[in-house]
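> model this:
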Amino acid sequence: MTGAWTWLTTGANWSGSGGVPARLLEHLWYTFLALAIALVIALPIGAAIGHTGRLTGLVSGLANALRALPTLGLLILLALWGLGTFKGDIALLGPAIAVLAILAIPPILSNTYAGIAAVDPATRDAAKGMGMTGREVLTKVELPVALPLIMSGIRSAFLQVVATATIAAVVSLGGFGRYVIDGNSQQNYSMMVAGAILVAVLAILGDRILALIGHFVISPGLTGRKVRARATTSDLVVAIEQEGGSAVLEPANRAGGDR
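Reported below is the predicted structural model:
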């Protein structure tokens with residue numbers, strides 16, 4: 001750990017194409033590109049299955065199958081195929097992003113389906129009774145209600161992808177994995193541990209940022225942040241009756257004294 005701290009505080013390791021800022025941008029590029037692809041694929045499928053209630057077995061089956069894939073082996077297999085099929089950076093970048101996207105799909109798919117499927121049927125009926133179409137029920141009712149679970153799935157996918165993106169260095173790509181792979185091959189364990197620390201810090205900071213985003217995009221009514229006005233006197237609730245303008249004290253009939 002002392003050697004890792006020395007490596008992290010050495011100015012030469014923070015400059016140039018192999019410096020920490022450059023590797024950070026590469027790592028973030030791989031992570032967010034894979035997450036974007038996974039969202040485009042998993043979010044509509046999970047929403048459609050949760051909304052219609054059809055093909056529900058597809059969610060668990062597909063998610064379990066994708067989780068069971070050996071990430072490193074799949075990366076090497078796709079990289080060999082890419083080298084024989086494409087030219088340039090896409091030959092290696094494409095397989096790496098594909099593997100990371102495959103890793104990110106299961107949590108997003110499962111949480112999107114579960115969140116929409118868990119919406120109270122009475123809420124759906126009320127929306128339909130107001131004249132909403134099926135698409136409007138999905139976009140204006142079900143997705144907002146399911147957003148806490150969806151954000152949880154995105155955070156889980158981010159953590160898995162940002163940690164696994166280190167294997168991109170196995171096929172000569174960049175990112176923080178470069179320090180881990182190169183440090184291992186050169187027996188420079190200070191560099192190797194420093195790379196692992198950078199990945200861990202990035203994962204923690206990214207998760208906190210996503211949690212903060214979720215705090216603002218999720219409805220306060222779903223998170224309990226909405227402030228409810230209460231007026232209680234001991235175990236009594238003050239209820240103002242409109243007729244005659246009289247104030248009547250009534251026992252609280254709900255937990256917490258809400259009325």
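> what's the closest non-adjacent residue to residue 112?
On the basis of CB to CB, 6 or more residues apart in numbering, the spatially nearest residue to residue 112 that is not a chain neighbour turns out to be residue 46, at 3.0 Å. Just so you know, the C-beta spots here come from the backbone N, C-alpha and C atoms, and that holds for glycine as well.
> Kindly tell me how buried the one you found is, as a neighbour count.
Residue neighbour count, defined by other CB atoms under 10 Å, stands at 27 for residue 46.
> these two touch, right, it and residue 110?
Yes. At 7.3 Å, residue 46 and residue 110 qualify as touching, with contact defined as CB atoms under 8 Å.
> joint contacts of these two?
When CB atoms under 8 Å, 6 or more residues apart in numbering defines a contact, the residues bordering residue 46 and residue 110 alike are residue 59.
> okay, now the domains of the protein?
Under automatic domain parsing, the residue ranges defining each domain of the chain are 2-227, 228-259.
> that's a strand at residue 119, yeah?
No. The assignment for residue 119, made by DSSP: H, G, I helix; E, B strand; the rest coil, is coil rather than a strand.
> And the helices in the protein?
Along the chain, the stretches classed as helices by DSSP state H are 2-8, 20-52, 56-68, 71-85, 90-117, 121-129, 134-137, 143-164, 177-185, 189-217, 220-223.
> residues contacting residue 31?
For residue 31, the contact set (CB under 8 Å, 6+ apart) comprises 100, 158, 161, 162, 165, 206.
> and if we set it to 10 Å?
Under the criterion of CB atoms under 10 Å, 6 or more residues apart in numbering, the neighbours of residue 31 are 97, 100, 104, 157-158, 160-165, 168, 175, 202-203, 206.
> And it, how close does it get to residue 204?
Counting by CB to CB, to the nearest Å, the gap from residue 31 to residue 204 is 14 Å.
> Quickly list what's touching both of the two.
Overlap between the contact sets of residue 31 and residue 204, as judged by CB under 10 Å, 6+ apart, is given by residue 162.
> Find the residue closest to residue 6 in space, skipping its chain neighbours.
In this structure, residue 6 finds its nearest non-sequential neighbour in residue 190, 6.6 Å apart by CB to CB, 6+ apart.
> neighbours of the one you found, just the number please.
Residue 190: 18 surrounding residues under other CB under 10 Å.
> same thing with residue 44?
Counted by other CB under 10 Å, the residues lying close to residue 44 total 12.
> Am I right that it is in contact with residue 112?
Yes. Residue 44 is in contact with residue 112 according to CB atoms under 10 Å; the separation is 8.8 Å.
> do you know how far the nearest residue to residue 45 once chain neighbours are set aside is from residue 149?
Once its chain neighbours are removed from consideration, residue 45 has its nearest residue in residue 109; the separation is 6.1 Å (CB to CB, 6+ apart). Computed with CB to CB, the distance linking residue 109 and residue 149 is 12 Å.
> Settle it for me: which of those two has more neighbours?
Ranked by neighbour count (other CB under 10 Å), residue 109 and residue 149 place residue 109 first, with 28 against 18.
> Redo the domains of the chain as a markdown table? Include mean pLDDT.
As requested, those are exported to a markdown table (pLDDT from 0 to 100):
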| stretch | mean pLDDT |
| --- | --- |
| domain 2-227 | 88 |
| domain 228-259 | 42 |
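> The closest residue to residue 58 other than its chain neighbours - how many residues pack around it?
Of all residues not flanking residue 58 in the chain, residue 49 sits nearest, at 6.5 Å (CB to CB, 6+ apart). Neighbour count for residue 49, taken as other CB under 10 Å: 21.
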